[in-house]
Structure formats: structure tokens, C-alpha cells
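1. Coordinates for the following, if possible.
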Amino acid sequence: MLTLRPAKERGHANYGWLDTNYTFSFGDYHDPKAMGFRALRVINEDHVAPGQGFGTHSHRNMEIITYVLEGAVEHRDSLGSGGVLQPGQIQHMSAGSGIRHSEFNPSPKDPTHLLQIWIVPEKKNLKPEYEQLAFPDKDLRGKFHHVAGPKAPVTIHQDADLFIARLDKNDETRHDIKPGRHAWMQVARGTVRVNDVELKQGDGAAISKENEIRVVAQEPSEVLLFDLA
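-> Numbering: from 1, shown residues only. Next up, the predicted model:
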């Protein structure tokens, strides 16, 4: 069973420096029918203006993933971590017992396009952690590549796995779903058919009671797949 979350039905806010769409309820946007899926709590698609960003703020008890599609993000946090996140890199923070951080677009002229993802951790008040890892295009090209999870290159403290695929037109890739598990598909760009249902950029879909996910690109596309307990 596939339940579509069309891009046009997402929440939206424009603060001038930030133009954002909310797949699930977030901040002032509340939809009781869209409070998350399994442990997946937030997928925000953000467009950040040049030289702007999120000032220093706090988080607790959340696994936070940032994935840049275009531009860059400069990170600083209370652990002393810092760096510039580029497309093809995954940034993960385990906010745990508490972390303060800032995220800025370091470019004076180019906007940044990113996905911000929150996953509820398996335990509260874990030790805060930060990691940033690059994935070459060849690893993501033409197939689902396991990038984050309990036993993935990027560690998530939850029974949740993230796969990313960059597909050329007519590319096909598949993912098996084990009994009792669920999946969420998010289209970062392009158009794909997922088990014969068309999803376009910004669309998401909850997938349950399926044995396999089959994705066929209708045009050059990039998709994120969450395999969830």
C-alpha cells in the first residue's frame, strides 16, 4: 500500500531569507494527518538566501540529518564541530541531551537548497554527536546506496535506514522490504514511478505492506528512501 503525500499539500512558509516546505507538521504549521511516519518526524525542503541562515539555537533528543542539493551550508556547534557541507555530503547530529548549533549559507550570491530531516531516537538523553561524510556520485548513481542507519557509514540511533539514489532517465532500482517494516520515499528532484505510482519533485509516499519498492526514473532524478521499523 502506497499513500501519496503530494508536494502541493505540504505546509509552506516564506520568511524572506528562508522559503520552506514542510512534509510533516513543524513550527507554526500543524496538520493532524501529517505528524510524521513511524520514527520519521521532519522532512523540510529549505531554500536559504545568500549569506543567510539559522542562528545559534538548541535541540534535544532528535537525530538530525542535513542533505544539501545545491549550494552549501556552514555548520558550527557547541561541541566545537564545524565545516562546510556540500552536495553529496551527509551531516548528522545526534542532539541527545542537548546541543547548540548554527547553519548558514556561506555564499554571498548563491542560494542553498537542502533537505532537513529529523528522526526520533531510540533513547533519550544520549551523548550529543556530530559527523559529516561525503558520498561520491558513483556510489549514489543508478542504485540505492545505504548512507545512514545503525550500521551504515553515518550512524543513526534508531532502527531506521536511509538510502539515496541518483537516477538517469529510464534507470530502474529496487529495494526489498522485510516483513513488518515500512518505508518512506521522498523525491528530491525529478520524476519517478514508484510501484507504478508517479511521484514528482517534493512528493513523498508512505509505503506499508509491500515486499518490494521498484523505482523507475522518468527523467534525471534523485530520491531518498527511509526503511523504518
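
2. How is the protein divided into domains?
-> Taking automatic domain parsing as the criterion, the chain consists of the domains 11-134, 137-228.

3. Let me know which of those domains is the nearest to residue 5.
-> Nearest to residue 5 among those is domain 137-228; the distance by CB to CB comes to 4.1 Å. Using the backbone N, CA and C atoms, a C-beta is placed for each residue, glycine as well.

4. Quick one: end-to-end length of that closest one, please.
-> Counting by CA to CA, to the nearest Å, you get 25 Å between the two ends of domain 137-228.

5. Kindly report the same for stretch 169-181.
-> According to CA to CA, stretch 169-181 extends 29 Å from its N-terminal end residue to its C-terminal end residue.

6. middle-most residue in the chain, spatially?
-> residue 117 (4.3 Å; CA atoms, centre = their mean).

7. how near is that one to residue 26?
-> 11 Å (CB to CB, to the nearest Å).

8. what's the overlap in contacts for those two?
-> Between them, residue 117 and residue 26 have 42, 44 as joint contacts when contacts are counted by CB atoms under 8 Å, 6 or more residues apart in numbering.

9. got the domains of the chain as CSV, with mean pLDDT and distance to residue 2 columns?
-> Converted to CSV, the domains of the chain look like this (pLDDT from 0 to 100; distance: least, CB to CB, whole Å):
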stretch, mean pLDDT, distance to residue 2
domain 11-134, 96, 12
domain 137-228, 97, 5
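
10. Show me the one of those that comes nearest residue 4.
-> Among the domains of the chain, domain 137-228 comes nearest to residue 4, with 5.2 Å by CB to CB.

11. follow-up on the earlier one: go through the domains of the chain and name the closest to residue 3.
-> Residue 3 sits nearest to domain 137-228 of all these, at 4.4 Å, using CB to CB.

12. For residue 141, list the residues it contacts.
-> 166, 168.

13. tell me which residues form a beta bridge with it?
-> For residue 141, the beta-bridge assignment (DSSP bridges) gives partners residue 166.

14. do the same with residue 45
-> Legend: beta-bridge partners of residue 45 under DSSP bridges are residue 21, residue 115.
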